[in-house]
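# Need a 3D model of the following:
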Amino acid sequence: MELRQLQYALQIAKEMNFSRAAEKLHIAQPSLSQQLSKLEKEIGVLLFQRNTNSVELTHAGSAFMEQAQKIIDHVEQLKREMGDISQMRKGKLIVGSLPITGSHILPLVLPVFQSRYPDIEIVLVEETTANLEALTASGQTDICLLSLPIDHTALIYQTLIEEEICLAVPPQHHLTLESNPNSSPVDMSMLKDEPFILLKKGQGFRQITIDLCREAGFEPNIVFESSNIETVQSLVAAGMGIALVPRMVTRDRGIASAPTYFALAEPCPTRTLVIASRKGRYLSKAAEAFIDTLTEVIKNSQKI
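Numbers count the residues shown, from 1 in each chain. Sure, this is the predicted structure:
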């Protein structure tokens, strides 16, 4: 059994199509089929059920892929660890991030990190919370920026910052006209009849908003949804509804498309930003350096 055969089998399982798998692996399809047949003959079981128009994993195939992925991951971790030991400065780090967090934190962190470690390539992956958890748990990202809670049991994390959650309302909203945003915290229970603009399903901050509404005794009346927090704020500024937003994304008052922001009443709700990785996975020196840089920049940044 060869490592390349494991990689071939995993790619077929991912694509569920021999032609696409061969294309991704940059080999001819007959060669791919031949290597799979050799592997199946060696282990004595069929990994895939081939039909005229489809490819499906057998029961044995599912069990095999789970273990094969672990082996490939261990090999990659071993390579990284040996690279660190030999003090190689070159490398690649795959960093996952939520769009909200990435757009506001990474522009501050990446220039500092690359000035210190110019030979380390950073690959950024922006995804929803659910997808990032799955990618990190399967080893497809080295580390990722998430907000609590984390549902995937295969992940561990360390806290970066506890961030205040604010209320964003249209500039002509009755709360703005009746009170001073700087000195008048708003109780969540006052918002039960308001139209809410939320992020789409799969994004962690959406669930934070829903949970805060439920804690206040009501279900939010969702009138618009967006995958982008900046779109959410623009819709609020245009008078289409209200939203809860992290403090770091609030816009300056001088901007025409800026909502009006209010603090929420005590206990002031927050979200916890963390850096997560897979439990038991070797954390490379590059990953450790990135986390150190991230922590330092967040600590020293006046924006956050």
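# alpha carbons only for contacts and neighbour counts from here, please
Will do.
# Name the residues that touch the longest strand belonging to the chain?
Counting residues, the longest strand found in the chain (DSSP state E) is strand 155-169. With C-alpha atoms under 8 Å, 6 or more residues apart in numbering as the contact definition, strand 155-169 has outside contacts at 133, 136-137, 175-176, 233, 236-237, 239, 241-248, 259-264, 268-279, 295, 298.
# C-alpha coordinates for it, CSV please?
Listed in CSV are the C-alpha atoms of strand 155-169, where the atom choice follows Å, rounded to 0.1, in the frame of the first residue of the first chain:
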residue,chain,number,x,y,z
LEU,A,155,-11.6,21.5,17.7
ILE,A,156,-9.8,23.2,20.5
TYR,A,157,-9.3,27.0,20.8
GLN,A,158,-7.8,29.9,22.6
THR,A,159,-9.5,33.1,23.3
LEU,A,160,-8.4,36.3,21.5
ILE,A,161,-10.8,39.0,22.6
GLU,A,162,-14.2,39.6,24.1
GLU,A,163,-16.0,42.1,21.9
GLU,A,164,-19.1,44.2,22.7
ILE,A,165,-22.2,43.7,20.6
CYS,A,166,-24.0,46.9,19.6
LEU,A,167,-27.5,47.8,18.3
ALA,A,168,-27.6,49.5,14.8
VAL,A,169,-30.7,51.5,13.9
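# Now do the same for it: mean pLDDT, whole number.
Here strand 155-169 scores 90 as its mean pLDDT.
# do the same with stretch 62-80
Across stretch 62-80, pLDDT averages out at 87.
# try stretch 287-300
86.
# buried set for it?
Using 16 or more other C-alpha atoms under 10 Å as the test for burial, stretch 287-300 gives Ala287, Phe290, Ile291, Thr293, Leu294, Thr295, Val297, Ile298.
# Mind telling me what element the fourth one is part of?
Okay, so that is Thr293. According to DSSP states H and E, Thr293 maps onto helix 285-300.
# Who are the packing partners of that helix?
The contact analysis (3 or more C-alpha pairs under 8 Å, 6 or more residues apart in numbering; DSSP states H and E) places helix 285-300 against strand 91-97, helix 99-116, strand 155-169.
# which secondary element of the chain has the worst mean pLDDT?
In the chain, no helix or strand scores lower on mean pLDDT, DSSP states H and E than helix 174-178, which sits at a mean of 77.
# between the following helix or strand past that one and strand 155-169, how big is the angle?
Next in sequence after helix 174-178, counting helices and strands by DSSP H and E, comes strand 195-199. Counting by axes from the mean of the first three to the mean of the last three C-alpha atoms, to 10 degrees, strand 195-199 lies at 150 degrees to strand 155-169.
# Just the residues contacting strand 195-199, thanks.
205-206, 209, 220-229, 232, 235-236, 240-243.
# average pLDDT for it?
94.
# Same check on stretch 92-101?
86.
# what does the helix holding Thr293 contact?
84, 91-93, 105, 108-109, 112-113, 120, 142-143, 160-161, 275, 304.
# Among those residues, which one sits closest to Ala28?
Closest approach between these and Ala28, by C-alpha to C-alpha: Lys92, at 28.2 Å.
# For the closest residue to Ala130 other than its chain neighbours, grab the count of nearby residues.
Spatial nearest neighbour of Ala130, chain neighbours left out: Gly202 (5.7 Å); criterion: C-alpha to C-alpha, 6 or more residues apart in numbering. When neighbours are defined as other C-alpha atoms under 10 Å, Gly202 has 14 of them.
# any idea of the angle the helix holding Thr293 forms with strand 91-97?
Using the same axes, to 10 degrees, one finds that helix 285-300 and strand 91-97 are set 50 degrees apart in direction.
# Spell out the residue ranges of the helices in the protein.
Taking DSSP state H, the helices of the chain run over residues 3-15, 18-25, 29-43, 59-85, 99-116, 129-137, 174-178, 204-215, 229-237, 285-300.
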